[in-house]
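1. only the shape, not the letters, is given here:
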């Protein structure tokens, strides 16, 4: 399938990526080629074929309390009282 | 000097050398050659010196019990090392210092391994040449104008140049085997579930497998015996029904083993010298008492599209965590949350962006049946092909890569061409089975001015790798076949 500029912009938005106009045109031709490769799969008859799964089932473990690493937010930029402080989600930007 | 882990291990045991002598020497060489090779993102000089002194002290006190105690090693930078920067080869994690260590790394440190540095790699292990790294391309020590392969590019480059005796890499589509092949090393991708993924920066969780690059299969066996096994922190690890020692497995007799040559892996368009070298190796195995049989894996041509649908799908969800809040690059000037996330992610490298977009597409409403579901069904058919073939033969022999190492820059703007370099390796990850790459021979080249090795000597031949596949949990077959070949034909 041919990937249009607006398809790509929409995918980038869903992917939370800002693409520059240069990236848009570069990726458009590169990804169109990659998507063409996917079309090959249409030749394969997969009627009644299940997904590949490994024989493992749910693995249960004892419900034991393990002390967690108290430094787990050390790489975070803004932490307040053990919470991550993020930018405004709703309403006007502050 | 010493070429293998085994040789250094013996020299340390016999008191011929100390760990600090070896370590200091390697650190010095690493600082010198890393400027050209760019195989390390971080060299852990002080840590290595401290650890090697401790190892020498243990040896004096007769407290050494592990074959890797005092041995310089390196670790791919997608593997978490507590207190040591872990970049994953991406600018996104330029300043990230993990608060915990990966199980495989911790086991090596507990066994006295000496960390020399973190190996450069394609960002988040996305790539087959090392050129996608946010820290610049890694060079191939055999010929510095060429790529070392990827994504475990720095792992291969550092071991080949003698800057570490082995490296832990990761293999999601060939990222251990292909760089091993392009640099003339041995590289093992384990059965999915044998080694713990805990602490690996995730790429595609249903395919990621940590494994080993080293100079010989024997060295790989020594290391694997120390890192394998069930880990309560990774629920996809498993206790195999028939566990065995990898070191013992290398000396098992290979006479009578049946080796399958799949016709779909010897295709038009591949390098004829690669094809001939692998067929020549098959003849050598015949001389060693194995039998060779042609086999067929009819769904082979679909493996690449299946791989490049499933892997980016898992990637697009695994990469969601890089939002700038918890760790990684962040853009504090953004006004709202949406802009903040997008701007924080702007430093992601091109290949990372491409794969997130492909995965978002493959999983999006209206397309997921046509692409993702279809790919998962064909994945089952690929597995069935292998199950059928393993009823007839014990192992499968193929080339590792369709070509030898190519020029840096040659394929960097053509992702599809780059993806084709993975064509022979991805099936092991799609099916979960183990794969070993060892050197099969060389391709003669007419050296240009730039074709020199890392020490400046003219390079007139490039390594050709061959790959052996075995059924799930049967790495023992790969160990004995690999080791026997290397002993019988040491010139390769």
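-> Yes, it's here. Please read all numbers here as calculations on a predicted model, not as lab measurements.
2. please, which helix or strand holds whichever residue of the stretch 1-150 of chain B sits closest to chain A?
-> Residue of the stretch 1-150 of chain B nearest chain A, by C-beta to the nearest C-beta: residue B:99 (4.8 Å). Bear in mind the C-beta positions are built from the backbone N, C-alpha and C, glycine included. In the assignment (DSSP states H and E), residue B:99 maps to no helix and no strand.
3. pretty sure residue B:464 sits in a helix.
-> No. Assigned with DSSP: H, G, I helix; E, B strand; the rest coil, residue B:464 falls outside any helix and is strand.
4. ok, and the closest non-adjacent residue to it?
-> Leaving aside its sequence neighbours, residue B:464 sits nearest to residue B:277 (C-beta to C-beta, 6 or more residues apart in numbering or on different chains; 4.3 Å).
5. chain A versus the one you found, what's the distance?
-> 28 Å (C-beta to the nearest C-beta, to the nearest Å).
6. ok, how many other residues are close to that residue?
-> For residue B:277, the neighbour count with other C-beta atoms under 10 Å in any protein chain shown is 23.
7. for it, what are its contacts?
-> B:399, B:440-443, B:464, B:466 (C-beta atoms under 8 Å, 6 or more residues apart in numbering or on different chains).
8. what strand or helix carries it?
-> With DSSP H and E as criterion, residue B:277 is part of helix B:272-287.
9. tell me the buried residues in that helix?
-> Using 16 or more other C-beta atoms under 10 Å in any protein chain shown as the test for burial, helix B:272-287 gives B:273-275, B:277-279, B:281-282, B:285.
10. which among the residues you listed gets closest to residue B:84?
-> Taking C-beta to C-beta as the measure, residue B:84 lies nearest residue B:274 of the buried residues of helix B:272-287, at 37.7 Å.
11. mind pulling up the pLDDT for the closest one?
-> pLDDT for residue B:274: 97.
12. for residue A:36, same thing?
-> Among the per-residue scores, residue A:36 holds a pLDDT of 93.
13. so what's it closest to, chain neighbours aside?
-> Leaving aside its sequence neighbours, residue A:36 sits nearest to residue A:1 (C-beta to C-beta, 6+ apart; 7.6 Å).
14. hey, which helix is longest across chain A?
-> helix A:21-38 (DSSP state H).
15. which residues touch that helix?
-> Outside helix A:21-38, the residues touching it (C-beta under 8 Å, 6+ apart) are A:1-5, A:8-9, A:12, A:19, B:304-305, B:308-309, B:350, B:353-354, B:357-358, B:361, B:371, B:413-416, B:419.
16. which is the next helix or strand following it?
-> strand A:79-80.
17. that next one vs chain B: in contact?
-> No. Counting by C-beta under 8 Å from any C-beta of the partner chain, chain B is not contacted by strand A:79-80; separation bottoms out at 9.8 Å.
18. mean confidence score for that strand?
-> Mean pLDDT, computed over strand A:79-80, is 90.
19. any chance you could list what contacts the following helix or strand past that strand?
-> With elements assigned by DSSP H and E, the helix or strand that comes after strand A:79-80 is strand A:83-84. With C-beta under 8 Å, 6+ apart as the test, strand A:83-84 has contacts from A:73, A:76, A:78, B:325-326.
20. apply 6 Å and report the result again.
-> Applying C-beta atoms under 6 Å, 6 or more residues apart in numbering or on different chains, the external contacts of strand A:83-84 come out as A:76, B:325.
21. direction included, what does it pair against?
-> In the sheet, strand A:83-84 lines up against strand A:79-80 (antiparallel) (DSSP bridges).
22. next one: the closest residue to residue B:289 other than its chain neighbours from residue B:291, what distance?
-> In this structure, residue B:289 finds its nearest non-sequential neighbour in residue B:255, 3.4 Å apart by C-beta to C-beta, 6+ apart. As for residue B:255, its distance to residue B:291 is 10 Å (criterion: C-beta to C-beta, to the nearest Å).
23. who has more neighbours out of these two?
-> More neighbours surround residue B:291 than the other of residue B:255 and residue B:291, with 14 against 9 (other C-beta under 10 Å).
24. contacting residues for the closest residue to the more buried one other than its chain neighbours?
-> Excluding the flanking residues, the one nearest residue B:291 by C-beta to C-beta, 6+ apart is residue B:258, at 5.2 Å. Counting by C-beta under 6 Å, 6+ apart, residue B:258 makes contact with B:291, B:393-394.
25. next, the contact list for the most centrally placed residue in chain A, please.
-> Using C-alpha atoms, centre = their mean, the residue of chain A that lies closest to the mean C-alpha position is residue A:15, 6.5 Å off. Going by C-beta under 6 Å, 6+ apart, residue A:15 touches B:356-357, B:360.
26. what do you get if the cut-off is 8 Å, keeping everything else the same?
-> B:316, B:353, B:356-357, B:360.
27. so which strand or helix has residue B:353?
-> Per DSSP H and E: helix B:350-362 holds residue B:353.
28. can you pull out the residues in contact with that helix?
-> With C-beta under 8 Å, 6+ apart, helix B:350-362 has contacts from A:8, A:11-12, A:14-15, A:17, A:19, A:23, A:26-27, A:30-31, A:34-35, B:90, B:92, B:122-124, B:126-127, B:132, B:308-309, B:311-317, B:319, B:348, B:367-368, B:371-372, B:375, B:415.
29. try 7 Å
-> Contact partners of helix B:350-362, identified using C-beta atoms under 7 Å, 6 or more residues apart in numbering or on different chains, comprise A:11-12, A:14-15, A:17, A:27, A:30-31, A:34, B:90, B:122-124, B:126-127, B:132, B:308-309, B:312-313, B:315-316, B:319, B:367-368, B:371-372, B:415.
30. from these, which would you call buried?
-> The neighbour-count test (16+ other C-beta under 10 Å) marks A:11-12, A:15, A:17, A:27, A:30-31, A:34, B:90, B:122-124, B:126-127, B:132, B:308-309, B:312-313, B:315-316, B:319, B:371-372, B:415 as buried among the contacts of helix B:350-362.
31. now, which of those residues lie within helices?
-> Reading helices off the buried ones among the contacts of helix B:350-362 with DSSP H, I get A:11-12, A:27, A:30-31, A:34, B:308-309, B:312-313, B:315-316, B:415.
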